[in-house]
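A.B. asks: Sequence and predicted model, in that order:
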Amino acid sequence: PESHDPEALRERAARALLAARDRTRALTTCVDDHDLTAQHSPLMSPLVWDLAHIGNQEEQWLLRAVGKRDALRPDIDSVYDAFEHPRAERPSLPLLPPAEAHGYVADVRSRVLDVLESSPLHGAPLLDSGFAFGMIAQHEQQHDETMLITHQLRRGPAALTAPEPPRTTDGPLPAEVLVPAGPFTMGTSTEPWALDNERPAHRRLLPSFLIDTTPVSNGAYLDFIKDGGYSEPRWWTAEGWDHIREHRLHAPLFWRQEGGQWLRRRFGVTEPVPPDEPVLHVSWYEADAYARWAGRRLPTEEEWEKAARHDPVSGRSRRYPWGDETPGPTHANLGQRHLRPAPVGSYPDGESPLGIRQLIGDVWEWTASDFLPYPGFAAFPYREYSEVFFGGPYKVLRGGSFAVDPVACRGTFRNWDLPVRRQIFAGFRTARDADPEGA
Ligand code: AVJ
Ligand code: FE
């Protein structure tokens with residue numbers, strides 16, 4: 001589907017970089033300098049760290065590695081190295097003040113656009129199809145999601161607003177869908193901007209399974225809460241149980257109960273919990289416990305990707321549930337167009353061939369799987385993107401949230417986080433094995 005014409009590639013890269021910068025600017029100009037330099041949660045960096053880190057990664061990869069230009073600010077590399085400094089200590093680093101950080105990223109960008117004009121877009125893995133430019137646009141968009149998480153954690157009046165997602169639900173849907181047994185192709189070797197952990201394409205054989213047609217809703221999750229789910233150890237893994245006891249968790253993050261009503265805070269506004277929205281801000285432990293309570297389980301990463309990509313007619317794996325077409329506004333809730341997930345059952349145009357909805361967009365979906373390399377994995381272009389996380393305590397999330405840009409979202413895209421994480425825009429759907437004879 002992608003053009004190999006260098007001018008079209010340049011255009012695509014420039015547009016992706018520009019879209020990311022528009023988003024970054026919106027997220028870093030809607031609050032004052034105090035809010036940009038403050039640490040809103042020890043789990044997050046100050047917004048101004050993310051801002052200059054975006055520019056520093058762009059300088060390192062596009063100016064220095066691709067453009068072979070002299071370093072602009074080698075003196076700040078270490079301050080913006082995520083591995084050198086954990087998030088909690090970033091406020092005490094000698095960060096560029098907001099005006100300097102804005103100036104730095106703009107300066108890097110104008111030089112990078114110059115590099116893009118003259119850079120060959122083939123002949124080396126970093127250059128092929130403009131990979132490095134796509135990687136850096138995705139990196140910026142990933143930090144834009146991180147910054148949106150910081151905005152959600154920030155106390156005080158709303159700094160961001162967006163229109164409500166459209167109501168595109170169209171009547172009752174079956175609760176679950178049978179995905180027949182058989183092989184499918186997982187991962188990709190052809191998607192030009194796919195990151196190293198999505199590669200290479202390889203065959204997987206899966207038994208039949210059933211998977212929820214939509215993400216689990218707040219209403220369904222409330223049934224789990226009301227049924228005493230948080231005080232019943234049998235629904236929880238031992239670690240999950242210890243974790244909710246130690247931290248006294250009894251509902252998703254940002255929820256509170258007042259006079260018998262459940263309320264939740266969302267970007268500075270408190271509102272009743274909407275029952276038909278996908279549940280958000282639950283940890284892997286909570287998702288796993290809910291599934292067990294419901295007599296089900298989380299889907300594996302393989303099951304999720306087969307549900308999202310496998311076309312039973314052609315036998316081919318597609319880029320998205322709806323086909324190969326780039327996500328548009330009727331396919332999925334992506335790109336921070338809306339600041340919440342759409343009601344469960346929305347986006348009929350985005351459904352999979354088997355009728356599974358909202359696999360892409362709305363909420364990241366926890367899977368049962370640990371974050372591991374595919375057979376034939378090769379770290380590219382740096383070990384710290386994926387490789388150093390393999391085999392750690394991380395669980396895989398799939399599908400992307402309303403905060404994810406289409407450039408960083410596809411049927412093969414893999415995200416990962418610790419099983420305790422709740423501030424990320426994560427929900428889940430459930431699955432179960434098919435009955436042996438019914439399948
Ligand atoms: C893939 C979302 C887990 O934010 O930690 C950003 C993406 N890597 N900068 C993260 C990333 C380097 C990464 N996640
Ligand atoms: Fe980063």
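C.D. replies: Good, I have the coordinates. Ligands and ions are numbered 1, 2, ... in the order given.
A.B. asks: Specify the beta-bridge partners of residue 262.
C.D. replies: Residue 262 has these beta-bridge partners by DSSP bridges: residue 257.
A.B. asks: ok, residue 173 touching residue 355?
C.D. replies: Yes - judged on C-beta atoms under 8 Å, residue 173 makes contact with residue 355 at a distance of 7.3 Å. C-beta coordinates here come from the backbone N, C-alpha and C atoms, glycine included.
A.B. asks: Which of those two has more residues huddled nearby?
C.D. replies: residue 173 (18 against 12; other C-beta atoms under 10 Å).
A.B. asks: Pull the contacting residues for that one.
C.D. replies: By C-beta atoms under 8 Å, 6 or more residues apart in numbering, residue 173 lies in contact with 213, 214, 345, 355, 357.
A.B. asks: Please pick the buried ones from those residues.
C.D. replies: Among these, the ones that count as buried by 16 or more other C-beta atoms under 10 Å are 213, 214, 345, 357.
A.B. asks: got a list of contacts for stretch 212-222?
C.D. replies: Residues outside stretch 212-222 that contact it (C-beta under 8 Å, 6+ apart) are 173-177, 252, 262, 273-279, 282, 287, 290, 294, 341, 344-345, 355-358, 362-363, 365, 427-431.
A.B. asks: Looking at the stretch 251-400 of the chain, which residue is nearest ligand 1?
C.D. replies: Closest residue of the stretch 251-400 of the chain to ligand 1, C-beta to the nearest ligand atom: residue 385 (5.8 Å).
A.B. asks: tell me the contacts of that residue?
C.D. replies: 195, 196, 197, 379.
A.B. asks: Burial check on the third one, number of neighbours?
C.D. replies: For residue 197, the number of neighbouring residues by other C-beta under 10 Å comes to 24.
A.B. asks: Shouldn't it be within a helix?
C.D. replies: Yes - the assignment for residue 197 by DSSP: H, G, I helix; E, B strand; the rest coil puts it in a helix.
A.B. asks: Now do the strands for the stretch 201-350 of the chain: every range, in order, please.
C.D. replies: For the stretch 201-350 of the chain, applying DSSP state E, counting those that start in this stretch gives strands covering 202-206, 209-212, 255-258, 261-266, 269-272.
A.B. asks: Pull out the buried positions in the third one.
C.D. replies: If I follow you right, that is strand 255-258. residue 255.
A.B. asks: for the longest one, same thing?
C.D. replies: The neighbour-count criterion (16+ other C-beta under 10 Å) identifies 262, 264, 266 as the buried residues of strand 261-266.
A.B. asks: cool, and the first one?
C.D. replies: Of the residues in strand 202-206, those with enough neighbours to count as buried (16+ other C-beta under 10 Å) are 204, 206.
A.B. asks: got the residues of this structure near ligand 1?
C.D. replies: When proximity is defined by C-beta under 6 Å from any ligand atom, the chain lies next to ligand 1 at 139, 142, 143, 146, 385, 415, 416.
A.B. asks: If you rank those residues by neighbours, which is first?
C.D. replies: Busiest of these [other C-beta under 10 Å] is residue 415, holding 24 neighbours.
A.B. asks: sorry, back to before: for the buried ones among the contacts of residue 173, name the two members farthest from one another.
C.D. replies: 213 and 345 (7.6 Å; C-beta to C-beta).
A.B. asks: shared neighbours of these two, anything?
C.D. replies: Listed as contacting both residue 213 and residue 345 by C-beta under 8 Å, 6+ apart are 173, 357.
A.B. asks: mind listing the helices in the stretch 51-200 of the chain by residue range?
C.D. replies: Here the stretch 51-200 of the chain has its helices, by DSSP state H, counting those that start in this stretch, at 98-118, 131-153.
A.B. asks: Packing partners of the shortest one?
C.D. replies: Spelled out, that is helix 98-118. Under the contact criterion of 3 or more C-beta pairs under 8 Å, 6 or more residues apart in numbering; DSSP states H and E, helix 98-118 touches helix 6-29, helix 33-37, helix 47-58.
A.B. asks: Mind putting those into JSON lines with mean pLDDT and mean neighbour count?
C.D. replies: Formatted as JSON lines, the helices and strands packed on helix 98-118 follow (pLDDT from 0 to 100; neighbours: other C-beta atoms under 10 Å):
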{"stretch": "helix 6-29", "mean pLDDT": "97", "mean neighbour count": "18"}
{"stretch": "helix 33-37", "mean pLDDT": "97", "mean neighbour count": "15"}
{"stretch": "helix 47-58", "mean pLDDT": "98", "mean neighbour count": "25"}
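A.B. asks: so which of the ones you listed gets nearest residue 334?
C.D. replies: Nearest of the helices and strands packed on helix 98-118 to residue 334, taken as C-beta to C-beta: helix 6-29 at 11.7 Å.
A.B. asks: who touches the closest one?
C.D. replies: For helix 6-29, contacts defined as C-beta under 8 Å, 6+ apart pick out 2-3, 36, 47-48, 51, 54, 98, 102, 105, 109, 112-113, 116-117, 120-122, 129-130, 133-134, 136-137, 140-141, 143-144, 147-148, 151, 160, 336, 405, 407.
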